[in-house]
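Engineer: What follows is a predicted structure for the sequence shown.
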Amino acid sequence: MADADALFREHQPAVFRYLCRRVGQSEAARDLTQEVFLRVSRTAAPETDAAGLRAWIFAIARNLALNHARDTRTRTPPIDLPAAAPAVQELAAAIEQALAGLAPVDRDVFLLRETAGLSYAEVAAACEITTDAVRARLKRARQQLRETLDGPVRVHRLRAVSLRGEWTGER
Amino acid sequence: MNTTDDLHDLIEAFADGESVDPLGLERALADPDGRSHLIDVLVLRGFAIGPGAMPAAAAIGGSRGAARSMRWWSLAAAFVAMAAIGGYVLGSRNVTRAPAPTSSSTANAQPATTEAPDPTTVIRFQPGVDWTEIKGGH
(Lines give C-alpha, C1' and ligand atoms only; values in the text may rest on other atoms or scores of the structure.)
Protein backbone atom coordinates (compact mmCIF):
# COMPACT_ATOMS: atom_id res chain seq x y z
CA MET A 1 0.00 0.00 0.00
CA ALA A 2 1.58 3.29 -1.11
CA ASP A 3 1.80 6.12 1.40
CA ALA A 4 -0.43 9.00 0.26
CA ASP A 5 1.91 11.58 1.76
CA ALA A 6 4.89 10.15 -0.11
CA LEU A 7 2.89 10.08 -3.35
CA PHE A 8 1.93 13.70 -2.79
CA ARG A 9 5.53 14.78 -2.24
CA GLU A 10 6.74 12.89 -5.27
CA HIS A 11 4.07 13.70 -7.83
CA GLN A 12 2.48 16.98 -6.78
CA PRO A 13 4.79 19.28 -8.83
CA ALA A 14 4.24 17.31 -12.05
CA VAL A 15 0.48 17.03 -11.47
CA PHE A 16 0.29 20.77 -10.86
CA ARG A 17 2.35 21.52 -14.01
CA TYR A 18 0.10 19.29 -16.11
CA LEU A 19 -3.11 20.75 -14.68
CA CYS A 20 -1.86 24.32 -15.03
CA ARG A 21 -1.41 23.86 -18.75
CA ARG A 22 -4.49 21.69 -19.08
CA VAL A 23 -6.98 24.07 -17.42
CA GLY A 24 -5.14 27.33 -18.16
CA GLN A 25 -5.57 28.79 -14.68
CA SER A 26 -3.13 28.30 -11.84
CA GLU A 27 -5.85 28.82 -9.20
CA ALA A 28 -8.07 26.12 -10.67
CA ALA A 29 -5.02 23.90 -11.21
CA ARG A 30 -4.11 24.25 -7.54
CA ASP A 31 -7.63 23.26 -6.45
CA LEU A 32 -7.66 20.32 -8.84
CA THR A 33 -4.22 19.21 -7.63
CA GLN A 34 -5.55 19.18 -4.06
CA GLU A 35 -8.54 17.19 -5.27
CA VAL A 36 -6.30 14.68 -7.04
CA PHE A 37 -4.38 13.91 -3.86
CA LEU A 38 -7.52 13.92 -1.76
CA ARG A 39 -8.83 11.15 -4.02
CA VAL A 40 -5.49 9.38 -3.90
CA SER A 41 -5.60 9.40 -0.09
CA ARG A 42 -9.21 8.17 -0.02
CA THR A 43 -8.80 5.41 -2.58
CA ALA A 44 -6.85 2.21 -2.18
CA ALA A 45 -3.86 2.55 -4.49
CA PRO A 46 -3.52 -0.24 -7.05
CA GLU A 47 -0.96 -2.93 -6.29
CA THR A 48 1.51 -1.95 -8.97
CA ASP A 49 5.00 -0.58 -9.54
CA ALA A 50 6.06 3.08 -9.46
CA ALA A 51 5.18 3.62 -13.12
CA GLY A 52 1.73 2.11 -12.58
CA LEU A 53 1.12 4.39 -9.61
CA ARG A 54 2.20 7.40 -11.63
CA ALA A 55 -0.15 6.45 -14.45
CA TRP A 56 -2.97 5.95 -11.92
CA ILE A 57 -2.42 9.39 -10.36
CA PHE A 58 -2.34 11.07 -13.76
CA ALA A 59 -5.45 9.21 -14.87
CA ILE A 60 -7.21 10.79 -11.85
CA ALA A 61 -5.76 14.19 -12.76
CA ARG A 62 -6.86 13.81 -16.37
CA ASN A 63 -10.40 12.83 -15.39
CA LEU A 64 -10.67 15.81 -13.06
CA ALA A 65 -9.36 18.08 -15.81
CA LEU A 66 -11.95 16.68 -18.21
CA ASN A 67 -14.73 17.29 -15.67
CA HIS A 68 -13.44 20.79 -15.07
CA ALA A 69 -13.41 21.49 -18.81
CA ARG A 70 -16.97 20.18 -19.08
CA ASP A 71 -18.14 22.42 -16.24
CA THR A 72 -16.44 25.53 -17.61
CA ARG A 73 -17.02 24.90 -21.29
CA THR A 74 -18.74 28.21 -21.91
CA ARG A 75 -16.06 30.25 -20.21
CA THR A 76 -12.76 31.05 -21.86
CA PRO A 77 -9.94 30.16 -19.51
CA PRO A 78 -7.83 33.23 -18.88
CA ILE A 79 -4.08 33.00 -18.96
CA ASP A 80 -2.86 34.31 -15.65
CA LEU A 81 0.46 35.97 -16.29
CA PRO A 82 -0.08 39.27 -14.50
CA ALA A 83 3.57 40.23 -14.20
CA ALA A 84 4.82 38.90 -17.54
CA ALA A 85 6.19 41.08 -20.33
CA PRO A 86 3.82 41.71 -23.28
CA ALA A 87 5.91 39.52 -25.59
CA VAL A 88 5.68 36.64 -23.14
CA GLN A 89 1.94 37.15 -22.74
CA GLU A 90 1.61 37.11 -26.50
CA LEU A 91 3.61 33.89 -26.75
CA ALA A 92 1.60 32.34 -23.91
CA ALA A 93 -1.63 33.19 -25.71
CA ALA A 94 -0.29 31.69 -28.96
CA ILE A 95 0.71 28.48 -27.16
CA GLU A 96 -2.65 28.31 -25.41
CA GLN A 97 -4.45 28.73 -28.70
CA ALA A 98 -2.28 26.16 -30.44
CA LEU A 99 -2.89 23.64 -27.68
CA ALA A 100 -6.62 24.36 -27.81
CA GLY A 101 -6.51 23.52 -31.52
CA LEU A 102 -5.33 19.97 -30.84
CA ALA A 103 -7.71 17.04 -30.60
CA PRO A 104 -8.50 16.52 -26.88
CA VAL A 105 -6.71 13.17 -26.55
CA ASP A 106 -3.72 14.43 -28.59
CA ARG A 107 -3.50 17.40 -26.24
CA ASP A 108 -3.58 15.18 -23.18
CA VAL A 109 -0.97 12.85 -24.62
CA PHE A 110 1.30 15.78 -25.46
CA LEU A 111 0.86 17.47 -22.08
CA LEU A 112 1.26 14.31 -20.04
CA ARG A 113 4.47 13.59 -21.90
CA GLU A 114 5.89 17.12 -21.94
CA THR A 115 4.72 18.72 -18.72
CA ALA A 116 4.64 15.67 -16.48
CA GLY A 117 7.42 13.67 -18.14
CA LEU A 118 5.42 10.45 -18.34
CA SER A 119 6.81 7.62 -20.45
CA TYR A 120 4.83 6.34 -23.43
CA ALA A 121 3.63 3.37 -21.37
CA GLU A 122 2.50 5.64 -18.52
CA VAL A 123 0.70 8.01 -20.90
CA ALA A 124 -0.95 4.99 -22.51
CA ALA A 125 -2.18 3.75 -19.13
CA ALA A 126 -3.36 7.20 -18.01
CA CYS A 127 -5.29 7.79 -21.26
CA GLU A 128 -6.41 4.17 -21.69
CA ILE A 129 -4.92 3.82 -25.16
CA THR A 130 -2.10 1.72 -26.59
CA THR A 131 1.56 2.71 -26.64
CA ASP A 132 1.45 2.81 -30.44
CA ALA A 133 -1.48 5.19 -30.25
CA VAL A 134 0.55 7.37 -27.88
CA ARG A 135 3.40 7.53 -30.41
CA ALA A 136 1.04 8.37 -33.25
CA ARG A 137 -0.88 11.01 -31.29
CA LEU A 138 2.28 12.58 -29.93
CA LYS A 139 3.75 12.79 -33.40
CA ARG A 140 0.57 14.35 -34.77
CA ALA A 141 0.36 16.84 -31.89
CA ARG A 142 3.98 17.91 -32.37
CA GLN A 143 3.52 18.26 -36.11
CA GLN A 144 0.42 20.42 -35.65
CA LEU A 145 2.03 22.55 -32.94
CA ARG A 146 5.17 22.99 -35.05
CA GLU A 147 3.05 24.31 -37.91
CA THR A 148 0.80 26.51 -35.77
CA LEU A 149 3.68 27.95 -33.78
CA ASP A 150 6.07 28.27 -36.70
CA GLY A 151 7.06 31.88 -35.92
CA PRO A 152 7.77 31.41 -32.18
CA VAL A 153 9.55 28.10 -32.84
CA ARG A 154 11.87 29.80 -35.35
CA VAL A 155 12.67 32.53 -32.83
CA HIS A 156 13.24 30.11 -29.96
CA ARG A 157 15.40 27.78 -32.05
CA LEU A 158 18.11 30.40 -31.68
CA ARG A 159 17.90 30.25 -27.88
CA ALA A 160 19.02 27.60 -25.42
CA VAL A 161 17.10 24.34 -25.36
CA SER A 162 17.13 21.60 -22.79
CA LEU A 163 16.42 17.92 -23.10
CA ARG A 164 14.46 18.14 -19.85
CA GLY A 165 12.39 20.92 -21.35
CA GLU A 166 13.38 23.63 -18.91
CA TRP A 167 11.95 26.91 -20.03
CA THR A 168 14.91 29.03 -21.08
CA GLY A 169 13.00 32.08 -22.24
CA GLU A 170 11.61 35.01 -20.30
CA ARG A 171 8.78 34.55 -17.82
CA MET B 1 16.24 4.59 -41.80
CA ASN B 2 13.83 4.65 -44.67
CA THR B 3 11.76 7.80 -44.50
CA THR B 4 11.65 11.16 -42.84
CA ASP B 5 8.79 9.82 -40.72
CA ASP B 6 10.97 7.00 -39.38
CA LEU B 7 13.75 9.45 -38.71
CA HIS B 8 11.42 11.76 -36.82
CA ASP B 9 9.94 8.84 -34.85
CA LEU B 10 13.39 7.81 -33.73
CA ILE B 11 14.42 11.33 -32.78
CA GLU B 12 11.19 11.85 -30.82
CA ALA B 13 11.53 8.54 -29.00
CA PHE B 14 15.10 9.47 -28.07
CA ALA B 15 14.03 12.94 -26.88
CA ASP B 16 11.24 11.34 -24.86
CA GLY B 17 13.63 9.04 -23.02
CA GLU B 18 12.43 5.87 -24.72
CA SER B 19 14.96 3.23 -25.72
CA VAL B 20 16.12 3.47 -29.34
CA ASP B 21 18.43 1.60 -31.66
CA PRO B 22 21.85 3.28 -31.27
CA LEU B 23 22.83 2.79 -34.91
CA GLY B 24 19.54 4.25 -36.03
CA LEU B 25 20.03 7.18 -33.69
CA GLU B 26 23.53 7.74 -35.03
CA ARG B 27 22.18 7.91 -38.54
CA ALA B 28 19.29 10.13 -37.50
CA LEU B 29 21.57 12.58 -35.77
CA ALA B 30 23.93 12.57 -38.74
CA ASP B 31 21.06 13.84 -40.86
CA PRO B 32 20.53 17.63 -40.71
CA ASP B 33 16.78 17.10 -40.81
CA GLY B 34 17.03 14.78 -37.80
CA ARG B 35 19.01 17.34 -35.81
CA SER B 36 16.61 20.07 -36.81
CA HIS B 37 13.65 17.96 -35.71
CA LEU B 38 15.29 17.29 -32.35
CA ILE B 39 15.59 21.02 -31.75
CA ASP B 40 11.94 21.55 -32.74
CA VAL B 41 10.86 18.88 -30.25
CA LEU B 42 12.87 20.54 -27.48
CA VAL B 43 11.57 24.02 -28.31
CA LEU B 44 7.99 22.73 -28.18
CA ARG B 45 8.78 21.05 -24.86
CA GLY B 46 9.99 24.40 -23.57
CA PHE B 47 6.73 25.97 -24.75
CA ALA B 48 4.69 23.28 -23.00
CA ILE B 49 6.11 24.07 -19.60
CA GLY B 50 7.08 27.66 -20.34
CA PRO B 51 5.03 30.84 -20.44
CA GLY B 52 1.45 30.39 -19.38
CA ALA B 53 2.04 26.87 -18.16
CA MET B 54 2.94 27.68 -14.60
CA PRO B 55 3.59 31.22 -13.39
CA ALA B 56 6.59 31.01 -11.09
CA ALA B 57 4.84 32.56 -8.09
CA ALA B 58 1.77 30.38 -8.50
CA ALA B 59 3.88 27.28 -8.80
CA ILE B 60 5.76 27.96 -5.62
CA GLY B 61 2.64 29.12 -3.81
CA GLY B 62 0.68 26.16 -5.05
CA SER B 63 3.25 23.63 -4.10
CA ARG B 64 3.99 25.11 -0.72
CA GLY B 65 0.37 25.89 -0.03
CA ALA B 66 -0.76 22.37 -0.78
CA ALA B 67 2.10 20.84 1.17
CA ARG B 68 1.44 23.20 4.06
CA SER B 69 -2.25 22.36 4.08
CA MET B 70 -1.46 18.64 4.06
CA ARG B 71 1.10 19.15 6.85
CA TRP B 72 -1.38 21.09 8.98
CA TRP B 73 -3.98 18.36 8.66
CA SER B 74 -1.40 15.77 9.65
CA LEU B 75 -0.32 17.87 12.63
CA ALA B 76 -3.92 18.44 13.70
CA ALA B 77 -4.65 14.71 13.47
CA ALA B 78 -1.48 13.91 15.44
CA PHE B 79 -2.42 16.49 18.10
CA VAL B 80 -5.90 15.03 18.54
CA ALA B 81 -4.46 11.52 18.82
CA MET B 82 -1.81 12.63 21.34
CA ALA B 83 -4.42 14.49 23.41
CA ALA B 84 -6.67 11.44 23.49
CA ILE B 85 -3.85 9.07 24.49
CA GLY B 86 -2.45 11.55 27.04
CA GLY B 87 -5.87 12.08 28.58
CA TYR B 88 -6.42 8.36 28.89
CA VAL B 89 -3.00 7.75 30.49
CA LEU B 90 -3.33 10.66 32.95
CA GLY B 91 -6.87 9.65 33.82
CA SER B 92 -5.94 6.05 34.50
CA ARG B 93 -3.00 7.13 36.73
CA ASN B 94 -5.05 9.57 38.83
CA VAL B 95 -7.91 7.23 39.62
CA THR B 96 -7.63 6.09 43.29
CA ARG B 97 -9.04 2.66 43.46
CA ALA B 98 -11.47 2.09 46.35
CA PRO B 99 -10.61 -0.88 48.62
CA ALA B 100 -12.68 -3.97 48.14
CA PRO B 101 -15.68 -3.95 50.52
CA THR B 102 -15.40 -6.22 53.57
CA SER B 103 -18.34 -8.07 55.10
CA SER B 104 -18.49 -5.74 58.12
CA SER B 105 -18.18 -2.63 56.07
CA THR B 106 -20.88 -3.94 53.76
CA ALA B 107 -23.15 -4.63 56.69
CA ASN B 108 -22.61 -1.20 58.15
CA ALA B 109 -22.63 0.58 54.90
CA GLN B 110 -25.09 3.43 54.79
CA PRO B 111 -25.99 5.34 51.70
CA ALA B 112 -24.60 8.85 51.61
CA THR B 113 -28.09 10.33 51.64
CA THR B 114 -30.91 8.53 53.33
CA GLU B 115 -33.76 10.71 52.08
CA ALA B 116 -35.07 10.52 48.59
CA PRO B 117 -35.30 13.82 46.74
CA ASP B 118 -38.64 15.55 46.60
CA PRO B 119 -40.74 14.57 43.62
CA THR B 120 -41.01 17.14 40.90
CA THR B 121 -44.32 15.81 39.59
CA VAL B 122 -46.92 13.72 41.34
CA ILE B 123 -49.24 11.63 39.22
CA ARG B 124 -52.28 10.20 40.95
CA PHE B 125 -54.48 7.48 39.51
CA GLN B 126 -58.05 7.09 40.62
CA PRO B 127 -59.97 3.83 40.33
CA GLY B 128 -62.90 4.13 37.99
CA VAL B 129 -61.33 7.15 36.33
CA ASP B 130 -57.90 5.98 35.34
CA TRP B 131 -58.67 2.27 35.37
CA THR B 132 -61.68 0.00 35.71
CA GLU B 133 -61.65 -3.18 37.69
CA ILE B 134 -63.14 -6.19 35.87
CA LYS B 135 -64.12 -9.27 37.71
CA GLY B 136 -61.83 -12.18 36.86
CA GLY B 137 -59.45 -9.84 35.13
CA HIS B 138 -55.76 -9.51 35.90
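Structural biologist: Arrived safely, thanks for sending. Numbers count the residues shown, from 1 in each chain, chains lettered A, B, ... in the order given.
Engineer: continuing past the least confident helix or strand in chain A by mean pLDDT, what's the next helix or strand?
Structural biologist: One helix or strand of chain A scores below all others by mean pLDDT, DSSP states H and E: helix A:86-100, with a mean of 88. Downstream of helix A:86-100, the next assigned helix or strand under DSSP states H and E is helix A:104-114.
Engineer: how about that following helix, does it get close to chain B?
Structural biologist: Yes - contact of helix A:104-114 with chain B (CB under 8 Å from any CB of the partner chain) involves A:F110, A:L111, A:R113, A:E114. All C-beta spots, glycine's among them, are computed from the backbone N, C-alpha and C.
Engineer: Please name every helix or strand in contact with that helix.
Structural biologist: On a contact count with 3 or more CB pairs under 8 Å, 6 or more residues apart in numbering or on different chains; DSSP states H and E, helix A:104-114 meets helix A:4-23, helix A:50-71, helix A:86-100, helix A:120-127, helix A:131-148, helix B:32-49.
Engineer: Buried residues in the fifth one, which are they?
Structural biologist: It refers to helix A:131-148. A:A133, A:V134, A:R135, A:R137, A:L138, A:K139, A:A141, A:R142, A:Q144, A:L145, A:R146, A:T148 (16 or more other CB atoms under 10 Å in any protein chain shown).
Engineer: that older thread, considering the residues of helix A:104-114 next to chain B, which is situated nearest to A:L64?
Structural biologist: Taking CB to CB as the measure, A:L64 lies nearest A:L111 of those, at 13.8 Å.
Engineer: The closest one touches A:C20, doesn't it?
Structural biologist: No - applying CB atoms under 8 Å, one finds A:L111 not in contact with A:C20, separated by 9.7 Å.
Engineer: Where does pLDDT dip in chain A?
Structural biologist: Residue ranges of chain A with pLDDT under 70: A:1-2, A:73-84, A:165-171.
Engineer: Quickly list the domain ranges of chain B.
Structural biologist: B:1-49, B:55-83 (automatic domain parsing).
Engineer: for chain B, which spans come out with low pLDDT?
Structural biologist: Across chain B (using pLDDT under 70), the flagged ranges come out as B:1-2, B:52-114, B:136-138.
Engineer: what's near enough to touch A:A116?
Structural biologist: Listed by CB atoms under 8 Å, 6 or more residues apart in numbering or on different chains, the contact set of A:A116 reads A:A14, A:V15, A:R17, A:Y18, A:F58.
Engineer: still on that earlier bit, same list (the helices and strands packed on helix A:104-114) but as TSV, adding distance to A:T33.
Structural biologist: As requested, the helices and strands packed on helix A:104-114 are exported to TSV (distance: least, CB to CB, whole Å):
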stretch	distance to A:T33
helix A:4-23	5
helix A:50-71	8
helix A:86-100	19
helix A:120-127	15
helix A:131-148	23
helix B:32-49	15
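Engineer: quick one, which of the ones you listed is nearest to A:S162?
Structural biologist: Of the helices and strands packed on helix A:104-114, nearest to A:S162 by CB to CB is helix B:32-49, at 6.7 Å.
Engineer: got the angle between the closest one and helix A:4-23?
Structural biologist: Put simply, helix B:32-49 runs at 110 degrees to helix A:4-23, going by axes from the mean of the first three to the mean of the last three CA atoms, to 10 degrees.
Engineer: Helix B:32-49 vs chain A: in contact?
Structural biologist: Yes - counting by CB under 8 Å from any CB, chain A is contacted by helix B:32-49 at B:I39, B:D40, B:V41, B:L42, B:V43, B:L44, B:R45, B:G46, B:F47, B:A48, B:I49.
Engineer: what's the answer for stretch B:13-22, then?
Structural biologist: Yes - judged by CB under 8 Å from any CB, stretch B:13-22 comes into contact with chain A at B:A13, B:A15, B:D16, B:G17, B:E18.
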